[in-house]
Each structure stands twice: as structure tokens, then as C-alpha cells.
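*Asks:* Have a look at this prediction, sequence included:
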Amino acid sequence: MARQAREGQAMAAPDWAGRISVDPKRMGGEPCIRGTRIPVALIVGSLADGDTAEALLAAYPQLRAEDIRAALRYAAECLRSSCVFPLAG
């Protein structure tokens, strides 16, 4: 779902902003689902490894489907705003 800021309108907070937190005192500052110690990287990595959202929800009862979507949106935003180096090969 592409979003574009319109001239004269303030940009809305990203969809993930209310669900992802970065706290230097928790998990070494690693991005986590707000109110938990579940790192965004664990969610994205688990999905990349073939786990389903349903399996993650069963394994982590405090997790919600919206949290999984927020983790994916956060990861996508990080890739859009950082420098990506080509892989050799």
C-alpha cells in the first residue's frame, strides 16, 4: 500500500510506530514489539525461515497479528532508508 504525502499535509506516523519500540535498557536497544522482549528480527527471521504467522502467534501468546505486520513494515522501512550493498557473486 503506497503512501504519498500531499502538499500542505503533515505526514502521518508510520503504521508500525505504535507497535515497535527501541529502548537501550531493553534487549540492548534492539527493536522489539512494544511491551515485550520479542525482537523484530526474530519475527522477520522466523517468517523468512518458513514459520507461519499462526505458528508465531501460538509460540508467543502476547503477540498479535498486527505486531507481525508492524515488524514487517518496520523491516521494509529500514531497508528503504538505509544503504544496501550488492552481494558479491
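*Replies:* All right, it came through fine.
*Asks:* Need the three-state assignment for the spatially most central residue of the chain.
*Replies:* Nearest to the geometric centre of the chain sits residue 71, at 2.0 Å (CA atoms, centre = their mean). Using DSSP: H, G, I helix; E, B strand; the rest coil, the structure places residue 71 in helix.
*Asks:* sec struct for residue 24, please.
*Replies:* Residue 24 ends up coil, using three-state DSSP.
*Asks:* And it, how far from residue 31?
*Replies:* Residue 24 sits 12 Å away from residue 31, taking CB to CB, to the nearest Å as the criterion. All C-beta spots, glycine's among them, are computed from the backbone N, C-alpha and C.
*Asks:* and what of residue 46?
*Replies:* If you go by CB to CB, the gap between residue 46 and residue 31 works out to 15 Å.
*Asks:* Ok, residue 39 next?
*Replies:* When residue 39 is compared with residue 31 (using CB to CB), they lie 7 Å apart.
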